[in-house]
Structure formats: C-alpha cells, structure tokens
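the following block contains a protein sequence and its predicted model.
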2 protein chains.
Amino acid sequence: MGLLIVLSGPAGVGKGTVCAALRKRMPELVYSVSATTRQPRQGEIDGVNYFFRTREQFQDMIKRDALLEHAEYVGNYYGTPRDFVDTTLASGRDVILEIDVQGALKVKEKFQEAIFIFLLPPSFDVLKERITGRGTETKDTIERRMNEANRELGLLSHYDYAVVNDEIDAASDRIRSIIIAEHCKGYRVMPTVAHMRTAIEKA
Amino acid sequence: MGLLIVLSGPAGVGKGTVCAALRKRMPELVYSVSATTRQPRQGEIDGVNYFFRTREQFQDMIKRDALLEHAEYVGNYYGTPRDFVDTTLASGRDVILEIDVQGALKVKEKFQEAIFIFLLPPSFDVLKERITGRGTETKDTIERRMNEANRELGLLSHYDYAVVNDEIDAASDRIRSIIIAEHCKGYRVMPTVAHMRTAIEKA
C-alpha cells in the first residue's frame, strides 16, 4: 500500500518549485491529477495534466463524494478525484498532492491516514519579501496577504511535519526523507516481521 | 536541542556495519561513548573510545542513576553515561546509541523521548544464514539463537521505526531519513513558527 503525501503551505512559499525538485529526486512518486471544468489548453492531455470534465460531470462527482476536496476559482471547478489516489496507492505507489492550506484541511477530513507536510518560509523577512513582491502591491493588499499568511501558519498544528524552504535542494531532500521515514514506521513493517517469526517457529 | 537516536536489533543483524556507513553519511552525528570497567587496549583513549572507570566508580554511577543502561559481560561493566548524552543534546547535536535489544528497552524507561530504530534482517533465510554461521555451530546453539531472535523480533512494538538491512547503503540512507524527518516533526518546529507569527502581528 502506498502513502498519500499532502504538501501544502501559505501562498508564495514555493510549493511548485519544491515539488518540481522532488519529482527529479523521486521519479517513482506519482503526482495526483486534478479534475477541472476549465477548457484544456494546447498540449494538455486528459488524464495526464487534468481530468477534463463538464460542469454536470463535476457536480455529479461532488454528489457521489468522489472528490477528496474541491473549490471554485473564477467560474471553474477544480478538485482531487479520490479514485485516482485510491487506485495508485493500492498499486503500492506513493501519491503526492500539492495543494493550498484550505484544500489540505478538507483532504484531512476524508483521508486522515495521509501524511501532511507544511512548507514554511525560512524567516519573517523572506515571507514579507515574497508577499510584498516587486513593490507594485498596495498597502492594503500586502496587509491582507500578511494576515492570511499569519492565519495559515496558525494551522500548522493540523500537520504532521513542517519543512523549511530555505533552499530548494535541502527542502526536497527533507520531503524525501519524510516519505522514506514514514515507510519505516514500526507498525507498517509489523506484518513482515510477524511473517518472519512464523517462519522461525516452523523451522 | 538534539535528538537521541537508539539503533538496536537482534544479534548478527549488522548494527555495527550500518553504523559505520551512517557515520560517513552523517559526520555531524555524535556517537555515544560508553563507560566500562575493562582495561583500555593499546591506542584506546579515555573519553573517546570509552570512559574507563574503576569498579567502584562504576558502581557509584549506578547508585547515582548516572547511566541510561548498564550490563555486565564476562566480569566487566558496560553502560551509557546519561551526562555525555544530555550535554551533547543540549549543544544542539544529535547522538546515536548502538545497543542490543535488552539495553534499548532499558534506555526507553529512562529516556522516552529518544527515537527507537529496530534494524531488521531482510528475510528469514538471511537471518538463518547469519545465525547458522559457517556451519560450525551445534544444533542446540542454532536453536537457542533462533529462539532469541524470535523473542527480540517480538519487541518491535516498543520501537518507533524498523529499518530493513537488505543493503548497507540503503539501510544507512533510511536511518539518515528518519533523523531528518524527526527534526521536521510539526511540534518541534512550532516555536519557530510562533516567533514568525509574532513578527507578522507586530509588522
């Protein structure tokens, strides 16, 4: 049985960049494919980049509880189909889901056994710098984003792990370490050991 | 604050070899120095290879509860001084303690917050091969050792992690991963995040 890894964190913390580095480091990891009602862009393949669905199909998935979470952005639905995750985990492979903090908390309601990793900015100064951006944002926007980041950081207690994104290679190595360590949890290895003890007793 | 890592497992599983590989992989890890009443061998340095103590000094350490565990082998005491572990952890460095299963359980009574890793043979066949050795052991000895291994495998439930020693590099990479992952546990990072939130609120 594979593990579902949920990687989340405040906006601008670098989830996408760290995920890309992790993909190179652990090519065996399967990335969760989202469902969406938006139109495919050129080159996008159904089932690879997204599962492209009509509004009716998507609403039917919501009704059937076939999504681990979903949200609506600028008139389009986005969500995580439970079926793709379940099938991949059953095949023994780990799945990673990169998602915002709200989405991660929804996944937690339906999939408690997932491993929740919170990606952190290395310091207040770096967080501020990323939120302030190129200096083109209004004072109000910056204040709103800082409040949002503060609120999201307060949700760390819902997560199993926190990884500081001080350096992309170090951060992706930490995430890889968490995945390997989780597979070594004593209770996961218990059936193998019980099997070995039976073999000793029969010998 | 550093972490105390306790690496244990049945006799002959390869704890020493894996520890040597880990030492190369993580030179920053501090190895616990045991106290003993045996005579120093040529080249052995007090405080580096062992803390060499008289029988009276050792018994005094036992009385003062200054040892995390101790045992007597062929007339000599061996034990793990708590002070060396505490001082190193307080300096922010991780300590690793390689010890047999009995010793590990004693350490657990006095140091619950340590990380307990059980090193496993890759299969029953490999375990049997290692126990049977070069075929010079009597049937009784082999049976006794197999029973002992069975009993020790049954103690896995007291451990946090189990690492299969199928290949030295892979096993030492798994132990490194466990150490890194433990440092990423959400509750350990909580004070840093609380600090960051305070900075946001003051900004």
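That came in fine, so what should we check first?

average pLDDT across whatever helix or strand residue A:143 lives in?
Element membership for residue A:143 (DSSP states H and E) is helix A:139-153. The pLDDT scores in helix A:139-153 average 89.

give me the contact list for stretch A:137-151.
Stretch A:137-151 is contacted from outside by A:10, A:11, A:12, A:127, A:128, A:131, A:132, B:197, B:200, B:201, B:203, using Cβ atoms under 8 Å, 6 or more residues apart in numbering or on different chains. All C-beta spots, glycine's among them, are computed from the backbone N, C-alpha and C.

next helix or strand past the helix holding residue A:143?
strand A:161-164.

the helix or strand of chain A with the lowest mean pLDDT: how far from the chain's middle?
When each helix and strand of chain A is scored by mean pLDDT, DSSP states H and E, helix A:124-132 comes last, with a mean of 85. Distance of helix A:124-132 from the chain centroid (Cα atoms, centre = their mean, to the nearest Å) equals 23 Å.

who touches that helix?
A:10, A:12-13, A:121, A:137, A:142, A:145-146, A:149, B:195-196, B:199-200, B:203.

just the buried members of the residues you listed?
A:10, A:13, A:121, A:142, A:145, A:146, A:149, B:196, B:200 (16 or more other Cβ atoms under 10 Å in any protein chain shown).

just put those in JSON lines and tack on distance to residue A:74.
As requested, the buried ones among the contacts of helix A:124-132 are arranged in JSON lines below (distance: Cβ to Cβ, whole Å):
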{"residue": "A:10", "distance to residue A:74": "21"}
{"residue": "A:13", "distance to residue A:74": "22"}
{"residue": "A:121", "distance to residue A:74": "26"}
{"residue": "A:142", "distance to residue A:74": "22"}
{"residue": "A:145", "distance to residue A:74": "18"}
{"residue": "A:146", "distance to residue A:74": "24"}
{"residue": "A:149", "distance to residue A:74": "22"}
{"residue": "B:196", "distance to residue A:74": "31"}
{"residue": "B:200", "distance to residue A:74": "28"}
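
domain parsing for chain A?
Domain assignment for chain A by automatic domain parsing gives A:1-29+A:95-203, A:33-93.

what about the strands in chain A?
For chain A, applying DSSP state E gives strands covering A:4-8, A:30-31, A:34-36, A:50-52, A:67-73, A:76-81, A:95-98, A:115-120, A:161-164.

the inter-axis angle of the helix holding residue A:143 versus strand A:4-8?
Angle, helix A:139-153 to strand A:4-8, by axes from the mean of the first three to the mean of the last three Cα atoms, to 10 degrees: 150 degrees.

report the distance from helix A:139-153 to the chain centre.
Distance of helix A:139-153 from its chain centroid, counting by Cα atoms, centre = their mean, is 22 Å.

kindly report the same for stretch A:24-35.
10 Å.

do that stretch and chain B meet?
No. Stretch A:24-35 stays clear of chain B (Cβ under 8 Å from any Cβ of the partner chain), getting no nearer than 11.6 Å.

remind me which residues of chain A are low pLDDT?
A:134 (pLDDT under 70).

what's near enough to touch the residue nearest to residue A:3 when sequence neighbours are not counted?
Among residues not flanking residue A:3 along the chain, residue A:94 sits closest, at 4.8 Å (Cβ to Cβ, 6 or more residues apart in numbering or on different chains). Residue A:94 is in contact with A:2, A:3, A:4, A:5, A:28, A:29, A:30, A:179, counting by Cβ under 8 Å, 6+ apart.

likewise residue A:15?
Contacts of residue A:15 (Cβ under 8 Å, 6+ apart): A:7, A:8, A:9, A:98, A:119.

repeat the analysis, applying 6 Å as the threshold.
Contact analysis of residue A:15 by Cβ atoms under 6 Å, 6 or more residues apart in numbering or on different chains lists A:9, A:98, A:119.

report how many residues lie close to the first one.
Taking other Cβ atoms under 10 Å in any protein chain shown as the criterion, the count of residues near residue A:9 is 28.

where's it relative to residue B:29, distance?
29 Å (Cβ to Cβ, to the nearest Å).

now swap in the last one and tell me
Shown here: residue A:119 relative to residue B:29, a distance of 26 Å by Cβ to Cβ.

number of nearby residues for residue A:140?
Residue A:140: 8 neighbours (other Cβ under 10 Å).

of residue A:119 and residue B:29, who's got more company?
Ranked by neighbour count (other Cβ under 10 Å), residue A:119 and residue B:29 place residue A:119 first, with 24 against 19.

so the more buried one bridges to which residues?
Counting by DSSP bridges, residue A:119 is bridged to residue A:163.

quick one: it and chain B, what's the gap?
Distance of residue A:119 to chain B, computed by Cβ to the nearest Cβ, to the nearest Å: 11 Å.

that residue contacts residue A:10, correct?
No. Counting by Cβ atoms under 6 Å, residue A:119 stays clear of residue A:10, with 8.2 Å between them.

what does chain A have sitting close to chain B?
A:124, A:146, A:150, A:153, A:156, A:159-163, A:174, A:177-178, A:180-181, A:184, A:186, A:189, A:193, A:196-197, A:199-200 (Cβ under 6 Å from any Cβ of the partner chain).

quick one on the thing from earlier: and the contacts of residue A:15 as JSON lines, adding distance to residue A:37?
What follows is those, written out as JSON lines (distance: Cβ to Cβ, whole Å):
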{"residue": "A:9", "distance to residue A:37": "26"}
{"residue": "A:98", "distance to residue A:37": "20"}
{"residue": "A:119", "distance to residue A:37": "28"}
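
for residue B:60, state which of these is nearest.
Residue B:60 lies nearest to residue A:119 out of the contacts of residue A:15, by Cβ to Cβ, at 50.4 Å.

surely residue A:32 and residue A:95 touch.
Yes. Assessed by Cβ under 6 Å, residue A:32 is found in contact with residue A:95 at 5.4 Å.
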